[in-house]
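Novice: need the 3D shape of this:
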Amino acid sequence: MKNWGITAVSIAVVAILGYLAYTDTSISDLVYTAKNTAALVISATPTPSTAGKLTVSAVSSKTNPRDVVAGATEFTFAEFAFDAKKSDEDIAVSSITLTPVISKKGNASDLAQCQISKEGSRMYLASTGVLIPNQDITFDLSGKLSIPKGTVQTMAIRCSVTVNPKSVSGSTFSFKIKKLPDGVKATGLTSGGATKITLSSANGPTITLRTNGELKVVLDSSTPKASKVACGQSKVKIAKFKISAMYEGIILNSLRFALSGTAIPIYDDRDVVSFTLYDDIYYSVGVGVLGGGSKKTTTSTIDRLLIIPKGGQRILTLTANILSSEYPACQPGKTLGIDYNGYFDAIGATSGSRIPVSNSAKTSAPKITLIK
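Specialist: Numbering: from 1, shown residues only. The predicted structure follows:
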């Protein structure tokens, strides 16, 4: 059988030698020409486009620590800006990978259904289930997120907070973008070429978990000063109480009050002090009766829906109908007051948990002095 490979090489060698003899060209000149031709071919080969440029950073105005209460839904844990101002083409972001940072007291199961969406929109682009300890979460954004060149798009990371009996109040959570190249993956939307990605600041804010809200009752600065009041007078303004809610809105169900002053103890069943609570728009929200035997305390049930907004306050005004001058307890010169005695009943509007009263302090109102 004929070896066609050797024959082809032999023909090529003869052809080259013939060309050299005919053109009077040396072998070294031929090699030089071949090298330059190869260089020109290589330099003319197109390289992948890097016209796309993207800078990713945590939104600086949204990095302050804050609190979240159990039961919160779609709470914003972090916001990241995707800056394509210096890009020569639109950017297609294919994925974002986040690393959850959880304190020792925290549980990954405290957070669920984390989502990524554009700022100002509740329509999420991708989501995940319950977090898994020590595991990154990747949002697949293929075909879902493009950043027009010359613009900045802010993306929000939102998670729901579970009502978990194992949750520890004070535990902290945050999210940071994983180091490149895994943290953010993107290409030029038109060219499909590589995008130069810069990770400016990767850490979102620290969020502290609160298992329930807190309610605080104090004497408001607008409370009337001590005064002299005639026995039998009605609707006397005794005190104004400022009620504040922290971490979540709180539904107030009741407050407990107590008699104080030198006009007590009141042992006669006829000697009673009735009072009414009004809210800040002067609707009656509760009533109570004190005195009448040895009754020095009473719980006033709030008979209207009274919600103290998260981070806000409500003012309750307490007015009283003073002891009748016909009864033994009405002794001129004696003093009488109605104080908040440190007990309330309230429910968290978000967590659904009963608000503990352990941090509630008694509040003494100014005393009135009885006159005939």
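Novice: quick check: which element contains the nearest residue to Tyr124 once chain neighbours are set aside?
Specialist: Spatial nearest neighbour of Tyr124, chain neighbours left out: Gln115 (3.7 Å); criterion: CB to CB, 6 or more residues apart in numbering. Glycine gets a C-beta too; all of them are placed from N, C-alpha and C. Following DSSP states H and E, one finds Gln115 within strand 111-118.
Novice: now do that strand: which elements does it pack against?
Specialist: Using 3 or more CB pairs under 8 Å, 6 or more residues apart in numbering; DSSP states H and E, the elements in contact with strand 111-118 are strand 124-127, strand 137-147, strand 152-161.
Novice: centre of the chain to it, how far?
Specialist: Distance, stretch centre to chain centre, for strand 111-118: 12 Å (CA atoms, centre = their mean, to the nearest Å).
Novice: closest to Thr97 out of the helices and strands packed on strand 111-118?
Specialist: When these are compared by CB to CB, strand 137-147 sits nearest Thr97, at 4.5 Å.
Novice: I'd like the mean pLDDT over that closest one, please.
Specialist: Taken as a whole, strand 137-147 has an average pLDDT of 94.
Novice: then that strand to CSV, C-alphas only?
Specialist: This file holds the C-alpha atoms of strand 137-147, laid out as CSV (Å, rounded to 0.1, in the frame of the first residue of the first chain):
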residue,chain,number,x,y,z
ILE,A,137,-28.1,31.7,48.7
THR,A,138,-28.0,32.3,45.0
PHE,A,139,-30.7,34.2,43.1
ASP,A,140,-31.0,33.1,39.5
LEU,A,141,-31.7,36.2,37.4
SER,A,142,-31.1,34.9,33.9
GLY,A,143,-33.3,36.9,31.5
LYS,A,144,-34.9,38.8,34.4
LEU,A,145,-32.6,41.7,35.2
SER,A,146,-30.9,44.2,32.9
ILE,A,147,-29.3,47.5,33.8
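Novice: that older thread, tell me the most buried of the helices and strands packed on strand 111-118?
Specialist: Sort the helices and strands packed on strand 111-118 by mean neighbour count, taking mean count of other CB atoms under 10 Å, and strand 152-161 sits at the top with a mean of 20.
Novice: now the closest residue to Ser222 other than its chain neighbours: which helix or strand?
Specialist: Nearest residue to Ser222 in three dimensions, chain neighbours excluded: Lys240, at 5.2 Å (CB to CB, 6+ apart). Per DSSP H and E: Lys240 is located in strand 236-246.
Novice: mean confidence for the helix or strand following that strand?
Specialist: Downstream of strand 236-246, the next assigned helix or strand under DSSP H and E is strand 250-260. Taken as a whole, strand 250-260 has a mean pLDDT of 93.
Novice: so which elements touch the helix or strand just after strand 250-260?
Specialist: Using DSSP H and E, the helix or strand that follows strand 250-260 in sequence is strand 272-278. Here strand 272-278 touches strand 250-260, strand 284-291, strand 313-321, strand 335-348, going by 3+ CB pairs under 8 Å, 6+ apart.
Novice: the strand or helix carrying Lys176 - contacts with which helices or strands?
Specialist: For Lys176, the enclosing helix or strand under DSSP H and E is strand 172-177. Helices and strands touching strand 172-177, by 3+ CB pairs under 8 Å, 6+ apart, are strand 75-83, strand 91-102, strand 207-210.
Novice: just checking, next helix/strand downstream of the shortest one?
Specialist: Of the helices and strands lying after strand 207-210 in sequence (DSSP H and E), the nearest is strand 214-219.
Novice: buried residues, that next one. List them.
Specialist: Residues of strand 214-219 classed as buried: Glu214, Leu215, Val217, Leu219 (neighbour count, 16 or more other CB atoms under 10 Å).
Novice: and the two most separated of those?
Specialist: The largest distance within the buried residues of strand 214-219, taken as CB to CB, falls between Glu214 and Leu219 and amounts to 18.0 Å.
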